[in-house]
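1. Based on what follows, work out the 3D shape:
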Amino acid sequence: MDLRLALLALVHTALLGVGAWLTVIDVRTHRLPNRIVLPTLAGLLALATVDALVAGRSASLVRALLGMVILGGLYAGLRAISPAGMGGGDVKLAAVIGLVLGWHGWQALLVGAASAFVLGALHALVLLALRKADRSTRIAFGPWMIAGAVLGIVLG
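-> Predicted coordinates:
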């Protein structure tokens, strides 16, 4: 295994750890703290830039930046439409996820973004069917965004 692949594996392992941490926090508090999300975004921007410079993969960096803007923008739009339904932390996490998935490719971005909504909807339907929730119940969406991102990377 070359050094770049080892570093990519390390970064993805760290992202899984951050994702697990954010999942626990979001389920417990319905918050995705800036003190975790924003440094993750800054670190990933730096790593993607270094990767593009060292490996000569400027297309990956451009795609990652577009993914960040597209997914972050989509979530910002959803928040503007329904501030009670989508939190600011979700918007910032969407930028992180868009960056990662965009770096992996357009298919990863599409699969990851769509999977989050499908998984979240299925979870909500199960809760409704079991009468553990009603239409006004708040459901943490961060875990489904993170699960969708993992699917996007694996399947995309």
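2. Tell me who's in contact with the residue nearest the centre of the chain.
-> Closest to where the C-alpha atoms of the chain average out (C-alpha atoms, centre = their mean) is I97, at 2.9 Å. For I97, the contact set (C-beta atoms under 8 Å, 6 or more residues apart in numbering) comprises 71, 112-113, 116, 145-146, 148-149. (Each C-beta comes from the backbone N, C-alpha and C, glycine too.)
3. Test my guess that Y75 contacts G89.
-> No: Y75 lies out of contact with G89 (C-beta atoms under 8 Å); the separation is 10.0 Å.
4. which of those two has more neighbours?
-> Using other C-beta atoms under 10 Å as the criterion, Y75 and G89 rank with Y75 on top: 25 against 22.
5. count of neighbours near L8?
-> L8: 15 neighbours (other C-beta under 10 Å).
6. got the buried residues for the helix or strand harbouring V50?
-> Here V50 sits within helix 34-55, counting by DSSP states H and E. Neighbour counts using 16 or more other C-beta atoms under 10 Å place 36-37, 40-41, 44-45, 47-48, 51-52 of helix 34-55 among the buried residues.
7. Of those, which is the nearest to A129?
-> Comparing those against A129 with C-beta to C-beta places V37 closest, at 32.0 Å.
8. Can you list the low-confidence ranges for the chain?
-> 1 (pLDDT under 70).
9. ok, now which residue in it is the farthest from the centroid?
-> R131 (28.8 Å).
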